[in-house]
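**Q** sequence unknown, structure follows:
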């Protein structure tokens, strides 16, 4: 069992930046890891994911060019740098992981994930 703990959420203004962190309770070296979000009253939306080796990353269309995902395997951590935030980015952001899986499986948000964190709120005001 791997526990994922997110941090770094908060309230910012449009155009600002935030950096989210997710730390795994155990070595996540063989896990694809990433982020999805869910706004109030809306369905889950894939945000970004990175392969277990860190060499491949994928992004949802709405965040391409603004968000960047990275991981530090030594710290069992994955990060989401969010730049040029928009009001529509407001949501609860969840860290997720799939064991021994391709990073591309992370984009299939409707399939669920092997592990999910409790989420961190991001609010972007105009």
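**A** Looks like it arrived, so ask away. Since the structure is predicted, the reported quantities are computational estimates derived from the model, not experimental observations.
**Q** which parts of the helix or strand where residue 123 lies are buried?
**A** When elements are defined using DSSP states H and E, residue 123 is found to belong to strand 120-125. Within strand 120-125, the residues scored as buried using 16 or more other Cβ atoms under 10 Å are 120, 122, 124. For every residue, glycine as well, the C-beta is placed using N, CA and C.
**Q** where does the residue nearest to the spatial centre of the chain land on pLDDT?
**A** Geometric centre of the chain, nearest residue: residue 35, 2.0 Å, by Cα atoms, centre = their mean. pLDDT recorded at residue 35 is 98.
**Q** Residue 27 now?
**A** Residue 27 carries a pLDDT value of 67.
**Q** give the contact list for residue 119.
**A** Residue 119 makes contacts with 6, 38, 92, 93, 94, as judged by Cβ atoms under 8 Å, 6 or more residues apart in numbering.
**Q** Only the buried residues of stretch 6-26, if you could.
**A** 6, 8, 9, 12, 18, 20, 21, 22, 23, 24.
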